[in-house]
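A.B. asks: Turn this into a model:
(one chain, ligands or ions: 2)
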Amino acid sequence: MDAPALPGLDELRGSARVVSLPLRVRFRGIEHREALLIEGPHGWGEFAPFPEYADDEAATWLSAAIAAAWQPPPSALRSAIPVNATIPAVPAADVPAVLARFPGAATAKVKVAERGQVLADDLARVAAVRELVPTVRIDANGAWTVEEATAAIEQFGGLEYAEQPCRTVEELATLRGRVDVPIAADESIRRASDPLRVARLRAADIAVIKVSPLGGPARVLGIAEQLAAAGMRVVVSSAIDTAVGIGTGLATAAALPELPHACGLATSRLLLDDVAEPPAWNAGTMRAERPVPEPAALQRLAATPERQQWWLERLDRCHRILAERPAAAV
Ligand SMILES: O=C(O)CCC(=O)c1ccccc1C(=O)O
Ligand SMILES: [Mg+2]
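C.D. replies: Ligands and ions are numbered 1, 2, ... in the order given. A predicted model of the protein is given here:
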């Protein structure tokens, strides 16, 4: 599908709402998730690059928000999406309380290799999850060397897959030759200048795809098609999105020809409050629907005036970057 013409800045600013959502448990070191939401002719889009990301990277998140709100959603091939529980790097004793938020989920993704923790913490957390959920994957966010990853994966045993165990594509390729557990790439796709390099180097079995950093549903479906042609399986995941971003992720997952693994789109359950009720949950699946923000929730969750100003200035800068980017790269 052709990229839509870039809406003007005034049009974006006109509907922009900046929210700050409280998390139940610390995740990626944060306790609040901020997002700027915009409304276009095809509904709402979410612009929520993490605050530390530079403008050039953040601009791609803006093109995803615009695509969600200014383009029709992709055609759905299914109406319910299997999703995984997401377990932050909490103490093992807290695992049952976190999992209680995901009733019936058959798959859990466990965060491991958190700074300040040791492998024994991860092993205890994974063991606690296994008592309650049959299928377990881990996500190390690139923190391990190849040697550390090899040893850790051996000790966990029987994982569905290991997500971004090491930082570089080369390390992933080496590790993949050494262990039996499937390797998934996340940062190696969403933060790479070339998201297909991981496929060319046969560095992973599975591609974790996030719609916002990759520029929107249509672009993601194009990348997914190429990854699948290279023999990779695709999982759609969130970046701790508001209900708007989750809706875009679910719509994208619904349009994928193959969906062999549960998607990381249940992260609404890690939030204390949201801009809308997330789509209905049924025993580890979510309905592929796009929630519409509730005016009262937008008001209740409004960021401070200082943070609103910060996000609007970031919107201006990213809009300028997109206006100067060749259309094919937006
Ligand atoms: O995939 C999931 O289960 C949830 C999403 C998730 O883990 C995540 C959320 C925000 C930022 C990074 C990540 C990640 O996958 O590394
Ligand atoms: Mg990840």
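
A.B. asks: From what I see, residue 114 and residue 89 are in contact.
C.D. replies: Yes: with contacts defined as Cβ atoms under 8 Å, residue 114 counts as touching residue 89 at a distance of 3.6 Å. Heads up, the C-betas are built off the backbone N, CA and C, glycines and all.

A.B. asks: Between these two, which is the more surrounded one?
C.D. replies: For residue 114 against residue 89, the residue with the higher neighbour count under other Cβ atoms under 10 Å is residue 89, and the figures read 22 against 19.

A.B. asks: can I assume the more buried one sits in a helix?
C.D. replies: No: when DSSP: H, G, I helix; E, B strand; the rest coil is applied, residue 89 is found to be coil, with no helix at that position.

A.B. asks: if we can go back for a sec, list residues touching both of residue 114 and residue 89?
C.D. replies: With contacts taken as Cβ atoms under 8 Å, 6 or more residues apart in numbering, residue 114 and residue 89 have residue 121 as neighbours in common.

A.B. asks: Okay, helices next: where are they in the protein?
C.D. replies: 9-15, 55-70, 95-99, 119-130, 146-156, 169-178, 187-190, 197-200, 217-229, 243-255, 295-300, 305-324 (DSSP state H).

A.B. asks: Mean pLDDT and mean neighbour count for those helices - can I get that in CSV?
C.D. replies: Converted to CSV, the helices of the chain look like this (pLDDT from 0 to 100; neighbours: other Cβ atoms under 10 Å):
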stretch, mean pLDDT, mean neighbour count
helix 9-15, 98, 14
helix 55-70, 98, 24
helix 95-99, 98, 18
helix 119-130, 98, 18
helix 146-156, 98, 17
helix 169-178, 98, 18
helix 187-190, 94, 23
helix 197-200, 96, 18
helix 217-229, 96, 19
helix 243-255, 98, 27
helix 295-300, 98, 12
helix 305-324, 98, 15
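
A.B. asks: For ligand 1, see how far away the residue in the chain that ligand 2 sits nearest to is.
C.D. replies: Of all residues in the chain, residue 186 sits closest to ligand 2, with a separation of 3.5 Å (Cβ to the ion). Distance of residue 186 to ligand 1, given as Cβ to the nearest ligand atom, to the nearest Å: 5 Å.

A.B. asks: Ligand 1 contacts on the stretch 101-250 of the chain?
C.D. replies: 109, 139, 141, 186, 237-240 (Cβ under 6 Å from any ligand atom).

A.B. asks: Neighbour-wise, which one of those residues leads?
C.D. replies: When neighbours are counted by other Cβ under 10 Å, residue 109 leads these with 29 neighbours.

A.B. asks: I'd assumed residue 135 was in contact with it.
C.D. replies: No: in terms of Cβ under 8 Å, residue 109 does not count as a neighbour of residue 135; the distance is 9.7 Å.

A.B. asks: Surely residue 173 touches residue 203?
C.D. replies: Yes: with contacts counted by Cβ under 8 Å, residue 173 reaches residue 203, the gap being 3.9 Å.

A.B. asks: picking up where we left off before, the helices of the chain: which one's closest to residue 28?
C.D. replies: Taking Cβ to Cβ, helix 187-190 is the member of the helices of the chain nearest to residue 28, at 12.2 Å.

A.B. asks: Give the other helices and strands that the closest one contacts.
C.D. replies: In this structure, helix 187-190 makes packing contacts with helix 197-200, strand 206-210, judged by 3 or more Cβ pairs under 8 Å, 6 or more residues apart in numbering; DSSP states H and E.

A.B. asks: how about these in CSV, adding distance to residue 221?
C.D. replies: As requested, the helices and strands packed on helix 187-190 are exported to CSV (distance: least, Cβ to Cβ, whole Å):
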stretch, distance to residue 221
helix 197-200, 16
strand 206-210, 9
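
A.B. asks: Distance to ligand 2 for those - can I get that in a markdown table?
C.D. replies: Compiled in a markdown table, the helices and strands packed on helix 187-190 are given as follows (distance: least, Cβ to the ion, whole Å):
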| stretch | distance to ligand 2 |
| --- | --- |
| helix 197-200 | 13 |
| strand 206-210 | 6 |
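
A.B. asks: can I see the domain layout of the chain?
C.D. replies: Using automatic domain parsing, the domain ranges for the chain come out as 9-72+295-329, 80-287.

A.B. asks: what's the nearest residue to residue 57 if we skip its chain neighbours?
C.D. replies: Computed as Cβ to Cβ, 6 or more residues apart in numbering, the closest residue to residue 57 that is not its neighbour in sequence is residue 49, at 6.6 Å.
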